[in-house]
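>>> Mind looking at a prediction? Sequence and model below.
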Amino acid sequence: MNVARANAAVRIPPATAASATVPIGSTISYPRNCNPKEKIMRMWVRSAFAATMMLGAAGIPALADDITITVWGQGDCPPENCLGAAMVEAFEKANPGIKVNLVQQPVDGYFTNLLAQSVIKRGPDVASMWAGGYMDQFKPYMADLHKYVPDNILDSVNGVDFFSEGYNHKNAVYAAPGTAQWYIGYYNKKVFKDAGIDAVPTSWDELAADSKLLKDKGYIPIVQGAVDGGASFAAWEDWSYLATALPPGDWSKMLSGEMPYNNPTMVAQLTKWNQLFKDGYFNADAYNSPTALEDFIAGKAGMYLGGGSWQAGNLAKAMGDDVGIIVPPYSDTPTKAAVSFAGGGYAVMNYSKNVDAAGKFAAFTLSDEGQTVIAKFDAPTRAGFPNSNPLLNDMATLSGKADTVNYPMFDNFTQAPVTDALARNVPQALVGQMSPADVLSSMDAAYASLPADQKKPISFGN
Amino acid sequence: MVPAGRWIGSRSFAMRLNGVLFTLPALLLVGLVTVLPLCQAAYYSFTNWNGAQATFTGWTNYLNMLYDPELRRSLINSLCFLASVPFGLIPPFIVAYLLHKDIPGNKLFRALIFAPTALSWVVIGMVGRQFFALRGPVSSLFGMFGVAPPNWLADNNFALAAVILTFNAAIFGINTIIFLTGLATVDRSTIEAAWLDGASERQVIWYVILPAMRRFVEFVLIITIITSATGIFAMIYTMTGGGPGSATLTLEFAVWRRAFATGGFGAGAAIGIVLMMVTLIAVGLIRLLLRERSEA
């Protein structure tokens, strides 16, 4: 088509440069179009233009047909054990025309970063998303997945309601649940055995007694720290289990402002938690230790109670059969609680320039192929895809017991200022920098500061 | 024929027009990247903008700041950073003066002092975090003397001091280099004349060198103030995240926290405007002070 014109464009006019001798130091003045530097420059420009046109005319497809989408994940993703990378690899294999650029973002500040990018419509095509309050602020920026995922698949996905409008997946679905997740603690079986402990503690009293045994043996009884790369530890997991001293109905009341956070039960729970620290049963730098998880893996500590199911793969790999799960026993009576939720989902951002390709990626994660990939690393959200990690199976068993009281993850429902107060101040209650009453009052104050439209009743849906 | 006056007038007009045309791209650029966002920020500071929608709320955001203990704390912390600026100036000047005197190995010292300035604030924050960790070198030093160290960055009483110390250590290199450059511009014959007149070293520094380096001192002072007020978010973020609680929260950090951690973009904009005013006032006062001193 344009080849003839392109060829015409590279024709070079006959050379006209003067060849007369020029005295040194004099200024050379060339006739228009005869300056050799200009000629060379023009020649380059024309050649480049012609080459571009010819490449286009030859129909080289490489750049035009490939679509690249960016997917944001959260936290570290070690190459040897990275679900996101495996998912991307499987997706690219199944969709040869689409390339995926997987970017792992730090957990600390992830949602603030995503919000900042979304406001200016410069965020990723697909973003890791947490349900509940985290997701609410992104609703204007997320596409409804009904367009990409068949209804029969959506009907079979556990936890999809948490990512749906009104907690019902018949309404808009904002993200494809990636995994089933639990907040959970871990203990080192070898260390427990060495300290003469034959069963995991299930209450405050047992936890204190076992901690003493571990401490006497020279171990750190409970290790805590900034394991997610943040400046201090995030207390989401501990807080959720501390709050299981209240029934689920009271959670809704606290979240909706009907019951203050600063109530006698929560004050007592935080006080007992702090007492463990005072008694030396936590590592002294529990607030911000950068090596907490490494210490646990290395067998220096007996328990790590602020964890989650997302760590199960790495811990099982590093510790083998020595690691087991433990429900943080923050209870006066033997605990029956389990905190679980739909794990991080994949949200398609509606400002994506390749929204359909992004939708394909989200749909792929829920497909049989996608669920098979998830099962190699974590707990899938659809039945029929068992995984090989015994820790994850133990968590599923825990949640499935008849006498287990299942709670959702508390922080998924707190409003942003309350979440902020929780994140900043609850860790201070552990290390005694703030009194329990002051911490809880700060959460009440954060709730009070909410605009009226955010002070609405919260239910946990199905 | 055009009268001479009109001809001169039209040439002057043409020259002015040329000037305007030549500066127009720069003016447009400054307008787009500085003035426009500033006006937007000022507007949003009077709204409850949540990132997507904004409703005009008048002075509410500013009035709320008066009653917010966290923001009061952040203002005090920012003023502590400002108060620490002399520590970011005096040691670099002393070191620059010593290096300028051609002490043995001064080239090596210059390289060692300047090298850390190539680090980003994120790296500086991470190094600072390790440095002040409970199992870090500072705590080990205390341990050597049998003193049980606190967890510096987790302690309300020490965290701010540790962050301020890290900030001043980080700007040490660049300030030293600027002072070295300034010292190189001082007329050597004036110093020698002062020596011959029997001036002591202190008098030479105070009455000869410092007045000759006034512009450099002013420059270092102003960029250090501006950096302390608006340029160390990344360092604080990586070292303490503004915590524990609000112990290391500065106005700059509060802008981010209010806007992005709690979704209050309008309130964040208001804090940003206040931060700008505080910085401008501090810089203005310094300039006024130095000008009065030089005129005296």
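It's in.

>>> and the helix or strand harbouring residue A:268 with chain B, contact?
Residue A:268 is part of helix A:264-278 when elements are defined by DSSP states H and E. No: using CB under 8 Å from any CB of the partner chain, helix A:264-278 stays clear of chain B, with a minimum separation of 11.5 Å. Just so you know, the C-beta spots here come from the backbone N, C-alpha and C atoms, and that holds for glycine as well.

>>> Which other helices and strands does that helix contact?
With contacts defined as 3 or more CB pairs under 8 Å, 6 or more residues apart in numbering or on different chains; DSSP states H and E, the packing partners of helix A:264-278 are helix A:204-216, helix A:236-242, helix A:416-431, helix A:436-448.

>>> so where is chain B shaky, pLDDT-wise?
Low-confidence segments of chain B (pLDDT under 70): B:1-9, B:51-52, B:293-296.

>>> Could you list the residues of it in contact with chain A?
B:48, B:50-52, B:129-130, B:133-135, B:151, B:153-156, B:237-246, B:256-257, B:260-265.

>>> List the buried residues of the longest helix along chain B.
Counting by DSSP state H, the longest helix found in chain B is helix B:265-295. Buried residues in helix B:265-295, counted by 16 or more other CB atoms under 10 Å in any protein chain shown: B:265-276, B:278-279, B:282-283, B:286, B:290.

>>> Could you list every helix and strand in contact with it?
helix B:36-44, helix B:60-67, helix B:69-83, helix B:214-230, helix B:251-256.

>>> what kind of secondary structure is the residue in the stretch 201-350 of chain A positioned nearest to chain B in?
For the stretch 201-350 of chain A, the residue closest to chain B is residue A:231, as judged by CB to the nearest CB, at 3.3 Å. Going by DSSP: H, G, I helix; E, B strand; the rest coil, the secondary structure assigned to residue A:231 is coil.

>>> In CSV, list the helices and strands packed on helix A:264-278 along with distance to residue A:161.
Listed next are the helices and strands packed on helix A:264-278 as CSV, based on distance: least, CB to CB, whole Å:
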stretch, distance to residue A:161
helix A:204-216, 34
helix A:236-242, 19
helix A:416-431, 21
helix A:436-448, 25
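
>>> Out of these, the one nearest residue A:367 is which?
Nearest to residue A:367 among the helices and strands packed on helix A:264-278 is helix A:236-242; the distance by CB to CB comes to 30.2 Å.

>>> Give me the contacts around the closest one.
Helix A:236-242 is contacted from outside by A:183-185, A:224, A:266, A:269-270, A:273, A:305-308, A:327-328, A:330, A:335, A:337, A:339, A:407, A:409-411, A:422-423, A:426, A:430, using CB atoms under 8 Å, 6 or more residues apart in numbering or on different chains.

>>> Chain A against chain B: which residues are in contact?
Proximity of chain A to chain B (CB under 8 Å from any CB) is limited to residues A:108-109, A:112-113, A:115-116, A:118-119, A:137, A:140, A:230-232, A:284-285, A:287-291, A:416-417, A:420, A:424-425, A:427-428, A:431, A:433-434, A:446, A:451.

>>> Can I have the buried ones of these as a ChimeraX selection?
Buried members of the residues of chain A next to chain B, defined by 16+ other CB under 10 Å, are picked up in ChimeraX with:
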select /A:108,109,112,115,116,118,119,137,230,231,232,284,285,287,288,289,290,291,416,417,420,424,425,427,428,431,433,434,446
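
>>> How is chain A divided into domains?
For chain A, automatic domain parsing gives the domain ranges A:3-15+A:29-61, A:66-177+A:343-389, A:181-336+A:404-454.

>>> Give me the nearest residue to residue 229, chain neighbours excluded.
Defaulting to chain A. residue A:106 (5.2 Å; CB to CB, 6 or more residues apart in numbering or on different chains).

>>> The intended chain is chain B.
Nearest one to residue B:229, counting by CB to CB, 6+ apart, is residue B:279 at 4.5 Å.

>>> hang on, isn't the one you found packed against residue B:230?
Yes: using CB atoms under 8 Å, residue B:279 is in contact with residue B:230, at 6.2 Å.

>>> Thought residue A:117 was touching residue A:351, still the case?
No: Residue A:351 is beyond contact range of residue A:117, at 9.6 Å (criterion: CB under 8 Å).

>>> got any residues that touch both of these two?
Shared contacts of residue A:351 and residue A:117 (CB under 8 Å, 6+ apart): residue A:123.

>>> Need the residues that contact stretch A:425-441.
A:224, A:232-235, A:238-239, A:260-263, A:266-267, A:269-271, A:273-274, A:277-278, A:282, A:286-287, A:442-443, B:151, B:154-156, B:243-245.

>>> For PyMOL, what selects the buried ones among those?
Command for PyMOL that selects the buried part of the contacts of stretch A:425-441, burial taken from 16+ other CB under 10 Å:
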select buried, (chain A and resi 224+232+233+234+235+238+239+261+262+263+266+267+269+270+273+274+277+282+286+287+442+443) or (chain B and resi 151+154+155+156+243+244+245)
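
>>> ok, now how distant is the residue most central in space within chain B from residue A:434?
With distances taken as CA atoms, centre = their mean, residue B:227 lies nearest the centre of chain B, 2.1 Å away. The gap separating residue B:227 from residue A:434 is 31 Å, by CB to CB, to the nearest Å.

>>> Mind giving me the PyMOL select for the contacts of helix A:236-242, buried ones only?
To isolate in PyMOL the members of those that are buried, counting by 16+ other CB under 10 Å, one can use:
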select buried, chain A and resi 183+184+185+224+266+269+270+273+305+306+307+308+327+328+330+335+337+339+407+409+410+411+422+423+426+430
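
>>> So what sits opposite the nearest residue to residue A:175 once chain neighbours are set aside in the bridge?
Leaving aside its sequence neighbours, residue A:175 sits nearest to residue A:345 (CB to CB, 6+ apart; 3.2 Å). Beta bridges link residue A:345 to residue A:129, residue A:177, judged by DSSP bridges.

>>> show me the contacts for residue A:345.
A:128-131, A:163, A:174-178.

>>> burial of residue A:351, as a residue count?
Per other CB atoms under 10 Å in any protein chain shown, the neighbour tally for residue A:351 reads 17.

>>> roughly how far apart are it and chain B?
To chain B, residue A:351 is 12 Å away according to CB to the nearest CB, to the nearest Å.

>>> tell me the contacts of that residue?
A:118, A:121, A:123, A:141.

>>> Next, the contact list for the spatially most central residue of chain A, please.
With distances taken as CA atoms, centre = their mean, the residue of chain A nearest its centroid is residue A:74 (3.5 Å). Taking CB under 8 Å, 6+ apart as the criterion, residue A:74 is in contact with A:104-107, A:110, A:128, A:344.
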